[in-house]
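*Asks:* Build me a model from this:
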Amino acid sequence: MREAANHQQYKQFMSFKPRDFKRSTDPMVAVEWIQSIKTIFEFMQCNNSDRLRCATFMFKDDARIWWQGAKSTLDLNAATWAEFKAVFYGKYFTLNTRNKLAREFLEIRQGDSSVADYVKNFERGKYFTPMITGNNDIELNHFLEGLNATILRDVRLSNTATMGETIDRALMAEKDSQDIVREAQTKRSSYQGRDSLGRQGTSGALNNSNSSSKEGHHILDQQTRLTCQLPLVIFVGSYIRVVSAEFRHTRVTNSFISAFFVQQAVLKPVESLVVYKISLPAGPDLKTNRFIIACETQLQNHKMFVDLEVVKMSGFDVILGMDWLLRHEAQINCKDKSVALIDHDQKAFLFQAQ
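*Replies:* Modelled structure (predicted):
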């Protein structure tokens, strides 16, 4: 009777097509194998002895040879599933390996991987640190800390509350970023092999003195020419004033263009699904979800590019921030009132203020 029952249970177990286990130098293969057959056992409601019998039947090759010796350390009639796992992990998933994976998880970072791959690695690694995964708030915070800064910025601004919402927002932020990069690459490719727009003073170019009569527009002067054609080209004349603004939560400085000037120049910004809140050194907070990507700047006939965020501001047409300075490896000499820069073609030059 018992033999018939065992045969029926074995037949049911094999109907789920469990995987064989031969051997593996990758500890995660062993962990995933245990998890896969555990799922079957829970569905079948197997007791400990049935679990051991079915699991060890799946051992093949080197694993079967190992089991012939290892099973002598257990009382197979009384051993629990936890005791079997301890013996199995002692061979294929050692304590040193578990500690190593736990340390790696505590230091996990997205790095160059995609958000999807980061999520996968996070989900795999969290099982080794129950002190983190046992608390939803701590787990969510640990996940956020590992995200790249640009993705983290968008996620934090969205005020997500759950892991699911956070992952969804991170994936959306990554897609927005990729769309912006593709847009920039498309525009930059159109610059190759042609002179900068507006250099010959073509029709449609606007003199800065006509575009604005307000005082304090220090980014542009009377020598500046702005084309109304796309892509926008900014010529910087005899002096330049750089003002930085700061994203809340990120401390990342950026560059800006006034919404009024965008309208006057008939530009078509790229729009993001995320609305950013920006804190300036003085004045009220600003909000935007519009960008001018890969805007070309001309400084002493040197071509450079900048990504501009469209904001409602007065007193300036364009603000070139720390992102522009860093991109062009600026070295500022306050005493001489000069800035050493690297242009788009990797040529060094010195800008001397008057």
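*Asks:* Assign a three-state SS to L350, would you?
*Replies:* strand (DSSP: H, G, I helix; E, B strand; the rest coil).
*Asks:* neighbours around it, how many?
*Replies:* 12 (other CB atoms under 10 Å). No exception for glycine: its C-beta is placed from N, CA and C like everyone else's.
*Asks:* any idea how far it is from D343?
*Replies:* Using CB to CB, to the nearest Å, one gets 12 Å for the distance from L350 to D343.
*Asks:* Mean confidence (pLDDT) on the longest helix seen in the chain, please.
*Replies:* Using DSSP state H, we find that the single longest helix of the chain is helix 163-191. The average pLDDT for helix 163-191 rounds to 78.
*Asks:* Now do it: distance to the chain's middle.
*Replies:* The chain centre lies 10 Å from the centre of helix 163-191; the measure is CA atoms, centre = their mean, to the nearest Å.
*Asks:* Show me what counts as buried in that helix.
*Replies:* For helix 163-191, burial by neighbour count (16 or more other CB atoms under 10 Å) applies to 163, 166-167, 169-174, 176-177, 180, 184, 187, 191.
*Asks:* That helix - contacts with which helices or strands?
*Replies:* When contacts are defined as 3 or more CB pairs under 8 Å, 6 or more residues apart in numbering; DSSP states H and E, helix 163-191 sits against helix 115-125, helix 136-146, helix 149-158, strand 270-279, strand 286-299, strand 302-311.
*Asks:* Break this protein down into its structural domains.
*Replies:* Domains of the chain are assigned by automatic domain parsing as 2-93, 97-184, 197-352.
*Asks:* Any idea which of those has the lowest pLDDT on average?
*Replies:* domain 197-352 (a mean of 65).
*Asks:* related to what we said a few turns ago, quick one, the longest helix of the chain and strand 302-311 angle?
*Replies:* Counting by axes from the mean of the first three to the mean of the last three CA atoms, to 10 degrees, helix 163-191 points 140 degrees away from the direction of strand 302-311.
*Asks:* Make 184 the first number, not 1, from now on.
*Replies:* All right, first residue 184 from here; so that's helix 346-374.
*Asks:* Specify the angle between helix 346-374 and strand 453-462 in degrees.
*Replies:* Our comparison of helix 346-374 with strand 453-462, counting by the same axes, to 10 degrees, yields an angle of 110 degrees.
*Asks:* now the strands for the stretch 384-533 of the chain?
*Replies:* Along the stretch 384-533 of the chain, counting by DSSP state E, counting those that start in this stretch, strands occupy 388-390, 408-410, 416-419, 428-430, 436-441, 453-462, 469-482, 485-494, 501-502, 514-516, 521-525, 531-535.
*Asks:* Skipping adjacent residues, who's closest to L323 in space?
*Replies:* Take L323 and drop its neighbours on the chain: the residue closest to it by CB to CB, 6 or more residues apart in numbering is M346, 5.5 Å away.
*Asks:* Show me what the one helix or strand G273 maps to is packed up against.
*Replies:* Taking DSSP states H and E as the criterion, G273 maps to helix 264-275. Using 3+ CB pairs under 8 Å, 6+ apart, the elements in contact with helix 264-275 are helix 210-227, helix 231-240, helix 245-253.
*Asks:* give me that answer again for 10 Å
*Replies:* helix 210-227, helix 231-240, helix 245-253, helix 278-289 (3 or more CB pairs under 10 Å, 6 or more residues apart in numbering; DSSP states H and E).
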